[in-house]
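*Asks:* Next come a sequence and a model predicted from it.
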Amino acid sequence: MSIAIKSIDLNVLNMKARMPFRYGIASLVAVPHLFVRATAEIDGRREVGLAADGLPPKWFTKNPDASFEDDLAEMLAVIRQACRLSLVADPAESVYGFWREIYNGQEEWAASTPYPPLLWAFGVSLVERALIDAFCRATGAAFGIALRENAFGLRMREIQPDLEGVEPRSLLPERASRSILARHTVGLTDPLTDAEISTDERVDDGLPQSLEAGIQAYGLSHLKIKLCGDSDQDAERLRDIAGLMERHSGSGYAFTLDGNEQYAEMDPFRALWESIAAEPSLDGFMGRLLFVEQPLRRDVALGAAVGRALRDWPDRPPMIIDESDGTLTSAAEALELGYAGTSHKNCKGIFKGVASACLIADRRKRDPGRAYVLSSEDLGNVGPVALLQDLAVAASLGVGHTERNGHHYFTGLSMYPRDVQAQVLRHHGALYRRHEAGFPTLDVRGGRLDIGSVVDAPFGYGFDLDTTRFTPLEDWSAASLDL
């Protein structure tokens, strides 16, 4: 097989948040949504593949002194470089082989820049996703099937040496899930009840704004709760959330906690945890915790001192890395230190995520007495490309619940032209519903998403989408976001 990329178009659609989304040190109110449109040649046949992602502030790099414009410039620099590398690369014998060449080239280029792996690999991931889409469309194979059959040509040992001789089918589910639980994000400033929303902050678009309204509208049973780092404030907020879940969701709910990289060492986080866990009013609630995500800063989270602290804390909650998962070896390093696992996001790389999923599945077999976690997290993904490709991968990796927040912080797909909205409803009528105001919005029922149409499509979305109609990147500027 011969695989190459012949051309790439980059186009932008601005998206305004329906309300601010605060995570860590950032507050997102508007974001450029970038589309990567790659024309690939696969065994002489040309096929178009798409990838897309929002370009959020303060996630890939957490520099409090940098402006949003600075963050955007860095994200666009790594994306453009990955695209340049893909256009001059020699044809490869497999999708994996092509990805690996671009990944290695990007890594070599980035060595002379200040860009960390989490950032420079983001650029590679967009090319990777577009090429996977083109390959699946050209061959007529759905992503999950192509992955299990190793049609992408993965050489697992090159990413995780422990998986020498392992094929994806031996460690991944036999088939992709056709439904998945939506784990709802509770941001640091998100209102818990409608009564908390002031008149000037109320959103009048027919979608739920408070957590309570979301529980009632979507039947939510799984939450991701962001911590602020103050034990009294966090305990009070958790008590309020526990009350809402017990009133509206009964006993069948669970949650995760996001530490937002707030700690430079483990001891202060342990003190926070033990203070909250000792709160009598939270006893039943804390028993529903699934895991804690990234409490430590990314620059210290994989240090030897953390390993010692984890060993000295035998009754610790399961903890995973997220922002620290920047390199191909990060997941294995985290497991060796004592973390329970890592997260998958398409923006961190699909083949990297597949290898992490297989590593964790392998460890579960070898060490069934230890808790291992592969989570699925979300940067605020919005359809019809980014979200659906993310769901396709999560479903194929066997993740039972996935953080979803794009549909909560953005007004459905109202930012798209009407014909695109109609395409989405026509092809994914179980995943989306037509809102009373006319736009498609995610149809979360009983806390679940029906993703049958997603796993049946080549790679998530499945229909023809002309992204060149959106603003060419060279004509776009951050000023157009009107922040």
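*Replies:* Structure's in. What do you need?
*Asks:* just the helices in the stretch 151-300 of the chain please.
*Replies:* 211-218, 231-248, 266-277, 283-286 (DSSP state H, counting those that start in this stretch).
*Asks:* Which neighbouring elements make contact with the second one?
*Replies:* It stands for helix 231-248. On a contact count with 3 or more CB pairs under 8 Å, 6 or more residues apart in numbering; DSSP states H and E, helix 231-248 meets helix 211-218, strand 222-226, helix 266-277, helix 283-286. Just so you know, the C-beta spots here come from the backbone N, C-alpha and C atoms, and that holds for glycine as well.
*Asks:* which residues are in contact with the second one?
*Replies:* If you take CB atoms under 8 Å, 6 or more residues apart in numbering as the criterion, strand 222-226 is touched by 22-23, 181-188, 211, 237-238, 241, 245, 253-258, 260, 293, 377, 401, 403, 447.
*Asks:* Mind checking which of the residues you listed land in strands?
*Replies:* Residues from the contacts of strand 222-226 lying in strands, with DSSP state E as the criterion: 22-23, 181-186, 254-258, 293, 401, 403.
*Asks:* min pLDDT across those residues, which one?
*Replies:* Within the ones in strands among the contacts of strand 222-226, residue 23 has the lowest pLDDT, namely 72.
*Asks:* wait, residue 109 sits on residue 81?
*Replies:* Yes. Counting by CB atoms under 8 Å, residue 109 touches residue 81, with 5.9 Å between them.
*Asks:* of the two, who's got more company?
*Replies:* residue 81 (20 against 17; other CB atoms under 10 Å).
*Asks:* Go through the stretch of helix or strand the more buried one belongs to and flag the buried ones.
*Replies:* Using DSSP states H and E, residue 81 falls within helix 68-88. For helix 68-88, the neighbour count (16 or more other CB atoms under 10 Å) marks 68, 71-72, 74-79, 81-86 as buried.
*Asks:* returning to what we had before: among the helices and strands packed on helix 231-248, which comes closest to residue 29?
*Replies:* Taking CB to CB, strand 222-226 is the member of the helices and strands packed on helix 231-248 nearest to residue 29, at 16.9 Å.
*Asks:* Report the distance from that closest one to the chain centre.
*Replies:* Averaging C-alpha positions (CA atoms, centre = their mean, to the nearest Å) puts strand 222-226 14 Å from its chain's average.
*Asks:* residue furthest from the geometric center of this protein?
*Replies:* Most distant from the centre of the chain: residue 280, at 33.9 Å, with distances by CA atoms, centre = their mean.
*Asks:* how far away is residue 329 from residue 237?
*Replies:* 36 Å (CB to CB, to the nearest Å).
*Asks:* ok so, going back, what do residue 109 and residue 81 both touch?
*Replies:* By CB under 8 Å, 6+ apart, the residues touching both residue 109 and residue 81 are residue 120.
*Asks:* Run a quick neighbour tally on residue 145.
*Replies:* That count, for residue 145 with other CB under 10 Å as the rule, works out to 18.
*Asks:* Does anything pack onto whichever strand or helix holds it? Which helices or strands?
*Replies:* Here residue 145 sits within helix 143-148, counting by DSSP H and E. Judged by 3+ CB pairs under 8 Å, 6+ apart, the packing partners of helix 143-148 are helix 117-139, helix 386-397.
*Asks:* what about 10 Å?
*Replies:* helix 117-139, helix 350-366, helix 386-397, helix 452-456 (3 or more CB pairs under 10 Å, 6 or more residues apart in numbering; DSSP states H and E).
*Asks:* tell me the most buried of the helices of the stretch 151-300 of the chain?
*Replies:* Mean neighbour count (mean count of other CB atoms under 10 Å) peaks for helix 211-218 among the helices of the stretch 151-300 of the chain, with a mean of 20.
*Asks:* I'd like the distance from it to the chain centre, please.
*Replies:* Using CA atoms, centre = their mean, the offset of helix 211-218 from its chain centre is 22 Å.
*Asks:* Run through the neighbouring helices and strands of that helix.
*Replies:* Packed next to helix 211-218, using 3+ CB pairs under 10 Å, 6+ apart, are strand 179-186, strand 222-226, helix 231-248, helix 406-409.
*Asks:* How about residues contacting it?
*Replies:* 182, 184-187, 190-197, 207-208, 210, 220-221, 223, 225, 240-241, 243-245, 247-249, 253, 404, 407-408, 442-449 (CB atoms under 10 Å, 6 or more residues apart in numbering).
*Asks:* Restrict those residues to the buried ones and give me that as a ChimeraX selection.
*Replies:* This is how ChimeraX selects the buried members of those, with burial counted by 16+ other CB under 10 Å:
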select :182,184,185,186,187,190,191,192,197,207,208,210,220,221,223,225,241,244,245,248,249,253,404,407,408,442,443,444,447,448,449
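*Asks:* Please tell me how far residue 331 sits from residue 363.
*Replies:* From residue 331 to residue 363 the distance is 10 Å (CB to CB).
*Asks:* what's the answer for residue 116, then?
*Replies:* 26 Å.
*Asks:* what does residue 398 give?
*Replies:* 14 Å.
*Asks:* quick check: mean pLDDT across the helix holding residue 81?
*Replies:* On average, helix 68-88 scores 95.
*Asks:* Same check on stretch 231-246?
*Replies:* Here the average pLDDT along stretch 231-246 is 93.
*Asks:* send the alpha carbons of that stretch over as CSV?
*Replies:* Provided in CSV are the C-alpha atoms of stretch 231-246 (Å, rounded to 0.1, in the frame of the first residue of the first chain):
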residue,chain,number,x,y,z
SER,A,231,-11.1,22.6,51.1
ASP,A,232,-13.9,24.6,52.7
GLN,A,233,-15.2,25.9,49.3
ASP,A,234,-14.8,22.5,47.6
ALA,A,235,-16.6,20.7,50.4
GLU,A,236,-19.5,23.1,50.4
ARG,A,237,-19.8,22.8,46.6
LEU,A,238,-19.6,19.1,46.7
ARG,A,239,-22.3,19.0,49.4
ASP,A,240,-24.6,21.0,47.2
ILE,A,241,-23.9,18.8,44.1
ALA,A,242,-24.5,15.7,46.2
GLY,A,243,-27.9,17.0,47.3
LEU,A,244,-28.9,17.7,43.6
MET,A,245,-27.8,14.3,42.5
GLU,A,246,-29.5,12.5,45.3
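*Asks:* so which of the helices and strands packed on helix 211-218 gets nearest residue 420?
*Replies:* Here helix 406-409 is closest among those (CB to CB), at 15.9 Å.
*Asks:* Now the helix or strand where residue 36 lies: buried residues?
*Replies:* Assigned by DSSP H and E, residue 36 belongs to strand 26-42. Within strand 26-42, the residues scored as buried using 16+ other CB under 10 Å are 26, 28-42.
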